[in-house]
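**Student:** any chance you can model this:
(one chain, ligands or ions: 1)
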Amino acid sequence: MRQVVITLAALGSDFVGTSTERALAQSAAPARVIEIVVDGAYAPDRIVVREGERVRLRFVRHDYSSCTREVVFPWLGLRRELPPHQPVTIELPALAAGEHEFHCGMGMVRGTIMVQAR
Ligand SMILES: [Cu+2]
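**Tutor:** Sure thing, here's the model as predicted:
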């Protein structure tokens, strides 16, 4: 990982890659961890990341509602149980620019990942 960082630094502002190359370069950086507290809602319920950024969402559920027992990422085909008070980390792939929703098992409680274009 260190080697990749040094290489990119050496290339400096002359580095003009395709968006895929930039995304790959970005993916070498450590993932940013974003904690989301679940207590009748997602807090925060709006998460802003950059295109290609590696992100881990760390859900900590503090309610006992059957509603928020599961979190669903439809565009990933992912559904995960969130046991109370027990953090669950979901590593996201590098995302394309746009809005990506996640929601509870029944689709009532919702959150949005806003991916900003580079
Ligand atoms: Cu629900």
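**Student:** please parse this protein into its domains.
**Tutor:** Per automatic domain parsing, the structural domains of the chain span 1-29, 31-116.
**Student:** of all these, which one is nearest the ion?
**Tutor:** Comparison of these against the ion by Cβ to the ion identifies domain 31-116 as nearest, at 3.2 Å. In short, each C-beta sits where N, CA and C put it, glycine included.
**Student:** burial count for the residue lying closest to residue 101 once chain neighbours are set aside?
**Tutor:** Distance criterion Cβ to Cβ, 6 or more residues apart in numbering; nearest residue to residue 101, sequence neighbours excluded, is residue 112 at 5.5 Å. With neighbours defined by other Cβ atoms under 10 Å, the count for residue 112 comes to 16.
**Student:** so which bits of whichever strand or helix holds residue 112 are buried?
**Tutor:** Assessed by DSSP states H and E, residue 112 sits inside strand 110-116. Judged by neighbour count (16 or more other Cβ atoms under 10 Å), strand 110-116 contains these buried residues: 111-113, 115.
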